[in-house]
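# Kindly generate the corresponding structure for this input.
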Amino acid sequence: MGREYRYSFKIYSAWNYEKEVEDLNRASEEGWQLVRGYGLHSKFVKNEHVRYRYQLDYGKIDDIGRYIETFREQGWEYVNSTFNGWHYFRKLYDPSLPEEAYEIFTDRESMLEMNRRWVRLALVISIIIGILAVFYLVQVIRAPKLPAIVMFATLAVECVVLLRGVGIMRNAAASRSRKGDSLFVTLFFAVIIIGALSSVALTVTRPTTTTDMRAGDVDEPVIDSRFGAVTVRYPDNYYLDLDLKAPSPITFEVIDENGEAVYSRTETEFHGEDIPIRLSGGEYCFSMSCESGYHLKLRLD
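Numbers count the residues shown, from 1 in each chain. Now for the predicted structure:
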């Protein structure tokens, strides 16, 4: 008979690692022994003949062989490491031993140093995310568009949650085993994924149109000449860069699918950038009317 395996898809935060240790210990007591640990999914094998106590360590290891040997000398069996620096260890459970025998760190300073290693990395990531969030915030303030708003909100949430974790890891008295934190972190990852994908989808489906038209002269007046079909898939603020130049007044309009002008400008010479136009979903086009030669240049995004 082959071995029986199962997978766990619980998500744990770095500052809630003791809750993962508790869950691993409980699984071992129920006869499920860890094969490969990971923060997002773990693999277990059915074995009711042994029972382990698990512990985690964090950090970049230069000499993994010596690192594993150091823990082996203290009675810890190495299970695996994750790409982001977490290392899983276990020790056979002996009910006659005190709980202190299953502490992976022999002194408080060693545990605090592990926490500090994670805090340093989290602060670097938070700074990078904060810089990106400020970049998108500037975009939102200058020209509010839905993709930039969604991305800013996503980055802001990510930065706040990471800084919350930094505060917990820095506080030596704070609990690293929070029952509701797994759900909180799962929602956090869901917000990040949905927010990032939504921002990308909104950006990809957002229309961008560029036109450059000119004529030295016209044989007869141009009346409501329409061009440049545009499909707008979602309501948002759109921005128009427009250049008009002609000997006599030239009229430019943005026309909706009902034939109504949502923007109109009549000038002999005009230059405007980031002119805000609120567009709903639907089909749009441009219209031009003039009596003489002209130069019309536009960009809508």
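# contacts for the helix or strand encompassing Y17?
Applying DSSP states H and E as the criterion places Y17 in helix 17-29. Contacts with helix 17-29, where a contact means Cβ atoms under 8 Å, 6 or more residues apart in numbering, come from 8, 10, 12, 33-34, 37, 39, 42, 44, 50-56, 58, 86, 90, 93, 175-179, 181-182. Yep, even glycine has a C-beta here, placed from its N, CA and C like the rest.
# Centre of the chain to stretch 209-229, how far?
43 Å (Cα atoms, centre = their mean, to the nearest Å).
# Repeat that for stretch 157-175.
18 Å.
# quick check: mean pLDDT across that stretch?
For stretch 157-175, mean pLDDT is 87.
# For it, C-alpha coordinates in PDB please.
Presented in PDB, the C-alpha positions along stretch 157-175 are these (Å, rounded to 0.1, in the frame of the first residue of the first chain):
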ATOM      1  CA  VAL A 157      -2.700  48.300   2.200                       C
ATOM      2  CA  GLU A 158       0.400  46.200   1.600                       C
ATOM      3  CA  CYS A 159       2.700  48.800   3.200                       C
ATOM      4  CA  VAL A 160       0.400  49.200   6.300                       C
ATOM      5  CA  VAL A 161       0.200  45.500   6.800                       C
ATOM      6  CA  LEU A 162       3.900  45.000   6.600                       C
ATOM      7  CA  LEU A 163       4.600  47.900   9.000                       C
ATOM      8  CA  ARG A 164       2.000  46.300  11.400                       C
ATOM      9  CA  GLY A 165       4.100  43.100  11.200                       C
ATOM     10  CA  VAL A 166       7.300  45.000  11.900                       C
ATOM     11  CA  GLY A 167       5.700  46.500  15.000                       C
ATOM     12  CA  ILE A 168       4.700  43.100  16.200                       C
ATOM     13  CA  MET A 169       8.100  41.500  15.600                       C
ATOM     14  CA  ARG A 170       9.900  44.400  17.300                       C
ATOM     15  CA  ASN A 171       7.700  44.000  20.400                       C
ATOM     16  CA  ALA A 172       9.300  41.300  22.400                       C
ATOM     17  CA  ALA A 173       6.100  40.900  24.500                       C
ATOM     18  CA  ALA A 174       3.800  40.600  21.500                       C
ATOM     19  CA  SER A 175       2.200  37.200  20.700                       C
END
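# What residues of it count as buried?
Neighbour counts over stretch 157-175 (16 or more other Cβ atoms under 10 Å) mark 157-159, 161-162, 165-166, 168-169 as buried.
# how about JSON lines for the residues you listed, with distance to Y234 and secondary structure added?
Putting these into JSON lines (distance: Cβ to Cβ, whole Å; DSSP: H, G, I helix; E, B strand; the rest coil) gives the following:
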{"residue": "V157", "distance to Y234": "22", "secondary structure": "helix"}
{"residue": "E158", "distance to Y234": "24", "secondary structure": "helix"}
{"residue": "C159", "distance to Y234": "26", "secondary structure": "helix"}
{"residue": "V161", "distance to Y234": "28", "secondary structure": "helix"}
{"residue": "L162", "distance to Y234": "30", "secondary structure": "helix"}
{"residue": "G165", "distance to Y234": "34", "secondary structure": "helix"}
{"residue": "V166", "distance to Y234": "36", "secondary structure": "helix"}
{"residue": "I168", "distance to Y234": "38", "secondary structure": "helix"}
{"residue": "M169", "distance to Y234": "40", "secondary structure": "helix"}
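# In CSV: these, plus distance to T203.
Listed next are the buried residues of stretch 157-175 as CSV, based on distance: Cβ to Cβ, whole Å:
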residue, distance to T203
V157, 19
E158, 18
C159, 21
V161, 24
L162, 24
G165, 29
V166, 31
I168, 34
M169, 35
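# from those residues, which two are the most distant?
Spanning the widest gap among the buried residues of stretch 157-175 are V157 and M169, at 18.9 Å by Cβ to Cβ.
# Tell me the helix or strand right after the helix holding Y17.
Assigned by DSSP H and E, the successor of helix 17-29 is strand 32-36.
# Now do whichever helix or strand comes after that next one: which elements does it pack against?
Downstream of strand 32-36, the first helix or strand assigned by DSSP H and E is strand 42-46. Other elements packing on strand 42-46 under the criterion 3 or more Cβ pairs under 8 Å, 6 or more residues apart in numbering; DSSP states H and E are strand 5-8, strand 32-36.
# pull the CA atoms of the shortest one into CSV?
By that I understand strand 5-8. Presented in CSV, the C-alpha positions along strand 5-8 are these (Å, rounded to 0.1, in the frame of the first residue of the first chain):
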residue,chain,number,x,y,z
TYR,A,5,-0.4,12.3,1.7
ARG,A,6,-2.3,15.5,2.3
TYR,A,7,-1.8,19.2,1.7
SER,A,8,-2.5,22.2,3.8
